[in-house]
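>>> Output the structure for:
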Amino acid sequence: MNLMYQPTEIHSETINIGIPGVLMDSAINSPIKGLRSDTEVAVKQNTQFSFQRQAPGKELAASANSQKAVQEVAFLLLPGSGLSCLSLAINVLRHANQQAGELLYRWHLLSADGLPVLTEEGFEIGVHSAITTVDPASLDKLIVCGGQQYKEQTVLRWLNRAGAKELCIGALGQGSYPLARAGLLDGYRCTIHWEYLASLQEEYPQLELSSQLFVIDRDRFSCSGGSAVQDLMLHMIGTETSGELALAVSEVLVCGMRLPGEPQKGACRRSSLGYAPPRLQEAILLMESNIEEPLRLQELAELLDISRRQLERLFRKYLNSKPSRYYMELRLNRARQLLQQTNKSIVEVSIACGFTTASHFSKSVKEQFGCSPRSLCLQRGYRGNQHS
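Numbers count the residues shown, from 1 in each chain. So this is what the prediction gives:
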């Protein structure tokens, strides 16, 4: 079911969106009286944004007191944006304003054409404007959401122009895909949800991908999605304003603050094996790093400086599995990700996962997942549109 928030016309200088469906006064960042809370408010599509951007940290004279410059934050929503990610990010900014007692952050929702965007949950979200009406130089932060399969050149060119300006550009979850296509992650460390790490690396091998919850590298940042969105936004508040404010916001949201160096729990199986001996963790790391050209078990044991029998005992004791079986499951799980998330052919995927013959690959996939590689290919794009 699609729920559509109908936009109401109002002058862009007088509003600020807290969360979709709530009209906010930009001067006080609180709901305007008399407006229904279930109504999405967006400015006219042909309205030109004109943000009075100040350099970060610059003080503005305001009567007898001085105020910090307001950070202009734009969220570019592309098909497949996560409603939960967007809500979490905006909620942190909203509470930062409330806890600080002043307007520190002002946010704006954008889309490619100014029309509502379908989220991965199946809802349509209204936006303030199309990207063509926004000058990237007027922003402090640009955050891209969704767009795993999005390749519209107009948007990619606009992102390229934004990359040439002095602003921070980042992504939530699948937003790393369009940034990579625009070349904005080249030379930067970045991350994405662990389910897409393999496919993103396969599509853009030049990227320096990390399995961390979120990564901030100079004027680029990226996040794995989910609850890590809160961690990223809280970390930004802590570095841009104060640690005290970030702590106050985290207390209101009843959440902790995880550090950027923490790994995603599902990024690799060894992340949940903190109890296991170092040799076993090293063995799994070697397996994960050698998918296309699998190591023989004897080679693996020699690299670990243990015997093959010792290696087998470690896997049997802590994982109730054989090293060969565990290795095969890693390769097949990688194959499933590539088949479902990329446009690579079955032959290309089989080679990338260390299979020398198509028949062996097809048989192994069917034994593991109960279906053929072709069936997995047909599932491409299904997960993000299952509610539409």
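
>>> Surely residue 362 and residue 373 touch.
Yes - here residue 362 reaches residue 373: they are 5.7 Å apart, a contact under CB atoms under 8 Å. To be clear about C-beta, it is placed using only N, CA and C from the backbone, and glycine gets the same treatment.

>>> For the two, list the residues in contact with both.
Shared contacts of residue 362 and residue 373 (CB atoms under 8 Å, 6 or more residues apart in numbering): residue 346.

>>> Neighbour count for these two, which is higher?
When neighbours are counted by other CB atoms under 10 Å, residue 362 and residue 373 differ, and residue 373 comes out ahead with 22 against 16.

>>> Can you report how many residues lie near residue 86?
24.

>>> ok, now residue 206?
10.

>>> Can you tell me what sits against stretch 194-210?
With CB under 8 Å, 6+ apart as the test, stretch 194-210 has contacts from 148, 174, 176-177, 180, 185-192, 211, 224, 264, 266-268, 334, 337-338, 341-342, 344, 352.

>>> what about 7 Å?
Here stretch 194-210 makes contact (CB atoms under 7 Å, 6 or more residues apart in numbering) with 174, 176-177, 180, 185-186, 188-192, 211, 224, 264, 266-267, 334, 337-338, 341-342, 344, 352.

>>> Of those residues, select the buried ones using a ChimeraX command.
To isolate the buried members of the contacts of stretch 194-210 in ChimeraX, using 16 or more other CB atoms under 10 Å:
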select :174,176,177,180,185,188,189,190,191,192,211,224,264,267,334,337,338,341,342,344,352
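
>>> Among the contacts of stretch 194-210, name the ones in helices.
176-177, 180, 334, 337-338, 341, 352 (DSSP state H).

>>> Need those residues in a markdown table (columns: distance to residue 135 and pLDDT).
Listed next are the ones in helices among the contacts of stretch 194-210 as a markdown table, based on distance: CB to CB, whole Å; pLDDT from 0 to 100:
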| residue | distance to residue 135 | pLDDT |
| --- | --- | --- |
| 176 | 24 | 97 |
| 177 | 24 | 96 |
| 180 | 24 | 97 |
| 334 | 42 | 87 |
| 337 | 38 | 83 |
| 338 | 39 | 87 |
| 341 | 34 | 79 |
| 352 | 42 | 91 |
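
>>> List just the nearest of these to residue 160.
When the ones in helices among the contacts of stretch 194-210 are compared for distance to residue 160 (CB to CB), residue 180 wins out at 12.4 Å.

>>> Skipping adjacent residues, who's closest to the closest one in space?
Computed as CB to CB, 6 or more residues apart in numbering, the closest residue to residue 180 that is not its neighbour in sequence is residue 204, at 4.7 Å.

>>> that's a strand at residue 276, yeah?
No - under DSSP: H, G, I helix; E, B strand; the rest coil, residue 276 falls outside any strand and is assigned coil.

>>> Which residue, other than its chain neighbours, is closest to residue 178?
Spatially, and ignoring its direct neighbours in sequence, residue 178 is nearest to residue 147 (4.1 Å; CB to CB, 6+ apart).

>>> check contacts around the one you found.
Residues near residue 147 by CB under 7 Å, 6+ apart: 78-80, 174-175, 177-178.

>>> run the last query once more with 8 Å
Contacts of residue 147 (CB under 8 Å, 6+ apart): 78-81, 174-175, 177-178.

>>> Same question for residue 183.
Residues counted as contacts of residue 183 (CB under 8 Å, 6+ apart) are 160, 163.

>>> What does it show for phi and psi?
Backbone torsions of residue 183, given as degrees, to the nearest 10, read phi 80, psi 10.

>>> What pLDDT does the model give it?
Turning to residue 183, the model gives it a pLDDT of 96.

>>> Let me see the contact set for the residue most central in space within the chain.
By CA atoms, centre = their mean, the chain has its centre lying nearest to residue 173, at 1.6 Å. Each residue near residue 173 by CB under 8 Å, 6+ apart is listed here: 82, 85, 145-146, 192-193, 223-226.

>>> what would the contacts of residue 147 look like in TSV with distance to residue 159?
Converted to TSV, these look like this (distance: CB to CB, whole Å):
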residue	distance to residue 159
78	10
79	15
80	16
81	15
174	15
175	10
177	11
178	7
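
>>> tell me which of these is nearest to residue 277?
residue 174 (36.0 Å).

>>> so where is the stretch 201-350 of the chain shaky, pLDDT-wise?
Scanning the stretch 201-350 of the chain for pLDDT under 70 picks out 260-263, 265-275.
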